[in-house]
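Asker: here is my input, please return the structure:
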Amino acid sequence: MYLRSIGLALLCLVLASPAAARSRVDIQTDLGLIGIELFDEVTPANVQNFLNYVNDGDYTNSFIHRAIPGFIIQGGAFTFQANSFFVVPSDPPVTGEVGISNTRGTIAIALPSDPNGIPLPDAGTSSWFINLADNTGLDPHFTVFGEVIVGMDVVDAISVLPTIVLNPLSTENPLKNWTVEDPLVFADHLVFSPAATEVSLPALPPIGFGALLLGTLALLCFGLRRT
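Answerer: Model prediction:
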């Protein structure tokens with residue numbers, strides 16, 4: 001009877017435990033969808049920073065402005081509208097949060113550098129990059145705040161496009177349907193992200209939920225057998 005009471009108490013605790021929050025953002029590009037799950041609990045400030053830009057519509061008509069095969073693709077800094085380039089308006093800089101490594105498929109905040117080329121960890125704003133490889137050498141300066149869960153093939157496809165120097169934006173700007181034989185560059189050659197939207201995800205149970213639930217049920221069954 002005593003064990004059954006403990007089991008019932010633990011089951012009530014499990015069912016009352018708050019679920020772990022999580023967020024997802026879908027970035028629609030010309031080459032396909034990139035779905036990103038965010039690390040809300042590990043890097044909350046950088047997740048909220050990214051979501052602010054998404055929900056304010058700042059990434060609408062942005063484009064991928066840098067691609068280095070085997071390293072990264074980068075976006076979130078520039079838009080192209082009405083035949084003109086614009087810089088994405090910046091919110092206050094976000095503070096770096098250490099915790100997750102820059103491995104393949106993760107997304108991190110891009111940073112400016114000081115005059116000596118050292119990244120400024122508290123100066124990230126709108127620009128982000130997706131790691132194409134395990135770039136652990138970027139730790140701990142560049143904060144990882146999510147990972148690609150859908151569309152890594154799209155990321156890889158963008159990374160191998162031909163690139164050009166598109167001053168003053170980038171030295172490795174990827175272009176689709178473009179060749180050096182026809183060097184004129186038009187808006188249609190840019191890899192656009194017409195929209196980035198936050199997607200609602202079902203909450204995950206807290207860490208240890210499964211083990212606790214199984215243990216609770218075992219106690220209940222054992223207690224019932226003893227009564």
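
Asker: any idea how far A82 is from D30?
Answerer: A82 sits 19 Å away from D30, going by CB to CB, to the nearest Å. C-beta: built from backbone N, CA, C; applies to glycine.

Asker: of these two, who's got more company?
Answerer: A count of neighbours by other CB atoms under 10 Å puts D30 above the other of A82 and D30, at 17 against 6.

Asker: would it be right to say that V155 lies in a helix?
Answerer: Yes - assessed by DSSP: H, G, I helix; E, B strand; the rest coil, V155 belongs to a helix.

Asker: now it. Nearest residue, chain neighbours left out?
Answerer: Of all residues not flanking V155 in the chain, I130 sits nearest, at 5.3 Å (CB to CB, 6 or more residues apart in numbering).

Asker: mind jotting down where the strands sit in this protein?
Answerer: For the chain, the strands defined by DSSP state E occupy 23-29, 32-38, 62-63, 66-68, 72-75, 78-81, 84-87, 106-109, 128-131, 144-150, 163-166, 170-174, 192-193, 195-199.

Asker: now these in TSV, with mean pLDDT, mean neighbour count and distance to L120?
Answerer: Formatted as TSV, these follow (pLDDT from 0 to 100; neighbours: other CB atoms under 10 Å; distance: least, CB to CB, whole Å):
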stretch	mean pLDDT	mean neighbour count	distance to L120
strand 23-29	97	20	24
strand 32-38	98	19	23
strand 62-63	96	26	22
strand 66-68	97	20	18
strand 72-75	98	25	16
strand 78-81	91	17	20
strand 84-87	91	12	18
strand 106-109	98	26	11
strand 128-131	98	26	15
strand 144-150	98	21	17
strand 163-166	90	16	24
strand 170-174	90	20	19
strand 192-193	94	20	25
strand 195-199	94	16	25
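
Asker: closest one to F186 among the ones you listed?
Answerer: Evaluated over those, closeness to F186 peaks at strand 78-81, with 10.4 Å, by CB to CB.

Asker: contact partners for the residue nearest to V155?
Answerer: Applying CB atoms under 8 Å, 6 or more residues apart in numbering, we find I130 in contact with 34, 72-74, 105-107, 148, 155.
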